[in-house]
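Trainee: Only the shape, not the letters, is given here:
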């Protein structure tokens, strides 16, 4: 009986083993790997000068220093020397096994000129990248109040190949903290601002979600100095308009016509002058409105003297009409300019 029982137990054990072999082996679920935190890169820019501001092309030149600093815990041990030591790579190729974040200036035209650059590797795995750069930047400008306009000069720095999940800019700083008139000779610097935001690009991804990149923004707010235009544009235009009103004190009709036509031609030269200062715009600037109003004032004066000459019956009537225009035209022009100033600047 014992051999029979042993045979049955072996048969049952074989069946159990066979059943277990039919099911996949339960594998212990491996814990999900946590994704590394994004690399935090601190950014600072030290301005040397903003110059060659071209209102026609809406561009400006910037000369300055860019500093990027970050901590790389994966830095190889051969670069981590004893405390206090550091490696400096200057104006040459950096080691390929050192992570140097790739970046680009978004609003620069063409390539930036790098005058000098260096990479500092500290023993505590902190790295500093520094370069002196020079380039022509662009920004959108609003000329409605020109030449008393306020503009925002921007520097936009963005990660090129590393998305926001891999790299973020932090602690942006623009130096010097106080920007005086020496940095922008033709402008009064009002304020500055630096911040980091996120930019989404749908064309870089096949799905609709898109890819986001960290962008660092430096903004300098400035107002154009108006003194040059007061003496070179507004004063001559004002004198020409006032001169056009003096024809009402001239008694000879031929002299009145000559004066008016001469003043009209003089105003044309100012139109050419201002057109060379501004781009082709879909709207009129304040200085253009002043020049156009000068055209209109001189033209209306010309019509007034012709009307007076054609319809006045005697010398007494001519004097009365001229006396009326001597007051009417200055008041009308001043009222128009005041309304334009209120509408545009207030």
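Mentor: Perfect, thanks for sending it. For clarity, every value in this text was computed on a predicted model and none was experimentally measured.
Trainee: Okay, now the unreliable bits of the stretch 1-150 of the chain?
Mentor: Along the stretch 1-150 of the chain, segments meeting pLDDT under 70 span 1-35, 78-84.
Trainee: Identify each of the strands in it and give its residue range.
Mentor: Ranges of strands within the stretch 1-150 of the chain are 39-54, 59-71, 86-90, 103-105, 108-122, 126-138, 150-159, based on DSSP state E, counting those that start in this stretch.
Trainee: Following element in sequence after the last one, please.
Mentor: Reading on from strand 150-159 to the C-terminus, the next helix or strand found by DSSP states H and E is strand 167-175.
Trainee: which parts of that next one are buried?
Mentor: For strand 167-175, the neighbour count (16 or more other C-beta atoms under 10 Å) marks 167, 168, 169, 172, 174 as buried. For the C-beta atoms, the positions are set from N, CA and C on the backbone; glycine is no exception.
Trainee: That one vs strand 39-54, what angle?
Mentor: 50 degrees (axes from the mean of the first three to the mean of the last three C-alpha atoms, to 10 degrees).
Trainee: Are there helices or strands packed against strand 167-175, and which ones?
Mentor: If contacts are counted by 3 or more C-beta pairs under 8 Å, 6 or more residues apart in numbering; DSSP states H and E, strand 167-175 sits against strand 39-54, strand 150-159, strand 187-201, strand 211-224.
Trainee: So for residue 131, which of the ones you listed sits nearest?
Mentor: Nearest of the helices and strands packed on strand 167-175 to residue 131, taken as C-beta to C-beta: strand 39-54 at 10.5 Å.
Trainee: so what strands line up beside that closest one?
Mentor: Counting by DSSP bridges, the strands paired with strand 39-54 are strand 59-71 (antiparallel), strand 167-175 (parallel).
Trainee: would you turn the ones you listed into CSV with distance to residue 291?
Mentor: Formatted as CSV, those follow (distance: least, C-beta to C-beta, whole Å):
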stretch, distance to residue 291
strand 59-71, 25
strand 167-175, 38
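Trainee: Could you report the neighbour count for residue 305?
Mentor: Residues near residue 305, counting by other C-beta atoms under 10 Å, number 23.
Trainee: Double-check that it belongs to a strand.
Mentor: No: with DSSP: H, G, I helix; E, B strand; the rest coil as the criterion, residue 305 is helix rather than part of a strand.
Trainee: Spatially nearest residue to it, not counting backbone neighbours?
Mentor: residue 256 (4.5 Å; C-beta to C-beta, 6 or more residues apart in numbering).
Trainee: I'd like to check what contacts whatever helix or strand residue 267 lives in. Which residues are they?
Mentor: Per DSSP H and E, residue 267 falls inside helix 253-275. For helix 253-275, contacts defined as C-beta atoms under 8 Å, 6 or more residues apart in numbering pick out 233, 236-237, 240, 243-244, 246-247, 250, 285, 287-288, 291, 294-295, 298-299, 301-302, 305-306, 309.
Trainee: tell me the average confidence for it?
Mentor: What helix 253-275 shows for mean pLDDT is 84.
Trainee: And for residue 288, the neighbour number?
Mentor: The local packing of residue 288 (other C-beta under 10 Å) involves 18 other residues.
Trainee: Please tell me how far it sits from residue 328.
Mentor: 25 Å (C-beta to C-beta, to the nearest Å).
Trainee: can you pull the contacts of residue 288?
Mentor: Applying C-beta under 8 Å, 6+ apart, we find residue 288 in contact with 274, 278.
Trainee: For residue 294, see how far away it is.
Mentor: The gap separating residue 288 from residue 294 is 11 Å, by C-beta to C-beta.
Trainee: Just give the nearest non-adjacent residue to residue 104, would you?
Mentor: Among residues not flanking residue 104 along the chain, residue 160 sits closest, at 4.8 Å (C-beta to C-beta, 6+ apart).
Trainee: How about the contacts made by the one you found?
Mentor: By C-beta under 8 Å, 6+ apart, the contact list for residue 160 reads 102, 103, 104.
Trainee: Go through those and single out the one with the most neighbours.
Mentor: Counting neighbours by other C-beta under 10 Å, residue 103 leads those with 23 neighbours.
Trainee: May I have the beta-bridge partners of that residue?
Mentor: residue 159.
Trainee: Could you do residue 224 as well?
Mentor: As assigned using DSSP bridges, the partners bridged with residue 224 are residue 187.
Trainee: before we move on, what about residue 86?
Mentor: Beta-bridge partners, per DSSP bridges, of residue 86: residue 122.
Trainee: any idea how far it lies from residue 125?
Mentor: In this view, residue 86 and residue 125 are 11 Å apart by C-beta to C-beta.
Trainee: swap in residue 171?
Mentor: Remark: distance between residue 171 and residue 125 (C-beta to C-beta) = 18 Å.
Trainee: Residue 148 too?
Mentor: 52 Å.
Trainee: Compute the inter-axis angle for the helix or strand in which residue 324 is found and helix 253-275.
Mentor: Using DSSP H and E, the element containing residue 324 is helix 315-345. Angle of helix 315-345 versus helix 253-275, following the same axes, to 10 degrees, is 10 degrees.
Trainee: For residue 243, give me phi and psi.
Mentor: With angles defined as degrees, to the nearest 10, residue 243 sits at phi -60, psi -30.
Trainee: what about it, how many residues close to it?
Mentor: Neighbours of residue 243 under the rule other C-beta under 10 Å: 16.
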